[in-house]
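Asker: Take this sequence and fold it.
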Amino acid sequence: MIAVRKSQDRGIGRHGWLTTRHTFSFANYYDPAHMGFRSLRVINEDTVAPGKGFGAHRHDNMEIISIVMEGALAHKDSTGGEGVLRRREVQRMSAGTGVVHSEFNASQTEPVHFFQIWILPAVEDIEPGYEQKLFPDERGKLRLLVAPNGEDGALDIHQDTKVYSAVLDAGLRVEHVLAPGRGAWLQVARGSVDVNGTALEAGDGAAIEDEPSLAIGASQGAEILLFDLA
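Answerer: Next up, the predicted model:
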């Protein structure tokens, strides 16, 4: 079963310096029908104006992943984690017992476009932690970005969840097998794809249940995020 969440149905916030699209309920956007999917709690697609950003604020007991599509995102947190994320770089922050962090556009001239993702942890009140990694520019394949115990060179996460990305040229296809009992969320970051016969456009997402495998093909150049969830 594939349940599509259309791009235009997402929540939206326009704050001058920030334009954000909420796949699930977040901040002032509340929709009881869209509170998350399995352990996946937040997918925010943010565009931040040059030199602007999110000042220091606190989170706890959440696995927070940032994936930059365009531009540069400057991060700093109370664990000592600090860095600038650019395209193909991914950040994982475990808030655990509590962490204070800030995220700012590192450029004074260009916007930054990125996804912020929250995943509920399997165990609460762990020691906070931070990782950042640059991944190879690979096209036409699913690349594992985040996985338990840092499997296959991925960033670690404290949940039975795997996060993949793929950049697909028109006509290319990738396949992914889902183990029994697992579900998936597919988010289209760019372009358009077909998943098991269901068409998805940029900004669309899909909750996938009871599908033993996924065939994801690009009808035009596309980029996707795929979440394999317990």
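
Asker: Need the three-state assignment for Q8.
Answerer: When classified by DSSP: H, G, I helix; E, B strand; the rest coil, Q8 comes out as helix.

Asker: So what's the residue count around it?
Answerer: For Q8, the neighbour count with other C-beta atoms under 10 Å is 9. No exception for glycine: its C-beta is placed from N, CA and C like everyone else's.

Asker: Let's check: the centremost residue of the protein is which one?
Answerer: I117 (4.3 Å; C-alpha atoms, centre = their mean).

Asker: Hmm, it is touching S39, no?
Answerer: No - using C-beta atoms under 8 Å as the test, I117 is too far from S39 to be in contact (11.0 Å).

Asker: So, low pLDDT: which residues of the chain?
Answerer: For the chain, applying pLDDT under 70 flags no range at all.

Asker: Dig out what A215 forms beta bridges with.
Answerer: Per DSSP bridges, the residues bridged to A215 are E175.

Asker: pretty sure it contacts T198?
Answerer: No - using C-beta under 8 Å, A215 is not in contact with T198, being 10.6 Å away.

Asker: Which residue, other than its chain neighbours, is closest to G53?
Answerer: Leaving aside its sequence neighbours, G53 sits nearest to F104 (C-beta to C-beta, 6 or more residues apart in numbering; 3.1 Å).

Asker: how about the one you found, what does it touch?
Answerer: If you count contacts by C-beta atoms under 8 Å, 6 or more residues apart in numbering, F104 has them with V48, G51, K52, G53, F54, L73, A74.

Asker: Let's see which of the residues you listed end up in helices.
Answerer: Among those, DSSP state H puts none in helices.

Asker: May I ask which of the residues you listed has the most neighbours?
Answerer: Neighbour counts for these, by other C-beta under 10 Å, peak at L73, which reaches 26 neighbours.

Asker: does it have beta-bridge partners, and which?
Answerer: L85, N105.

Asker: wait, isn't it in contact with A106?
Answerer: Yes - using C-beta under 8 Å, L73 is in contact with A106, at 6.4 Å.

Asker: Residues that sit against both of these two, list them.
Answerer: Common neighbours of L73 and A106 (C-beta under 8 Å, 6+ apart) are V84, V112.

Asker: What strand or helix carries P136?
Answerer: For P136, there is no enclosing helix or strand under DSSP states H and E.

Asker: Can you give me every residue that contacts it?
Answerer: Taking C-beta under 8 Å, 6+ apart as the contact definition, P136 lies against R88, R143.

Asker: do you know how far it is from V90?
Answerer: P136 sits at a distance of 12 Å from V90 (criterion: C-beta to C-beta, to the nearest Å).

Asker: hang on, the earlier thing: tabulate the contacts of F104 (TSV), appending distance to G80.
Answerer: Listed next are those as TSV, based on distance: C-beta to C-beta, whole Å:
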residue	distance to G80
V48	23
G51	24
K52	24
G53	19
F54	19
L73	18
A74	15
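
Asker: Which of these fall within strands?
Answerer: Counting by DSSP state E, these place V48, G53, F54, L73, A74 in strands.

Asker: ok so, going back, and for I117 and S39, which residues touch both?
Answerer: In contact with both I117 and S39: no residue, using C-beta under 8 Å, 6+ apart.

Asker: Which secondary structure element is home to Y130?
Answerer: In this structure, Y130 sits in strand 129-134 according to DSSP H and E.

Asker: and that strand, how far from the chain's centre?
Answerer: 14 Å (C-alpha atoms, centre = their mean, to the nearest Å).

Asker: what are the pairing partners of it, and which direction each?
Answerer: Short version: by DSSP bridges, strand 129-134 pairs with strand 89-94 (antiparallel).

Asker: Cool, thanks, talk later.
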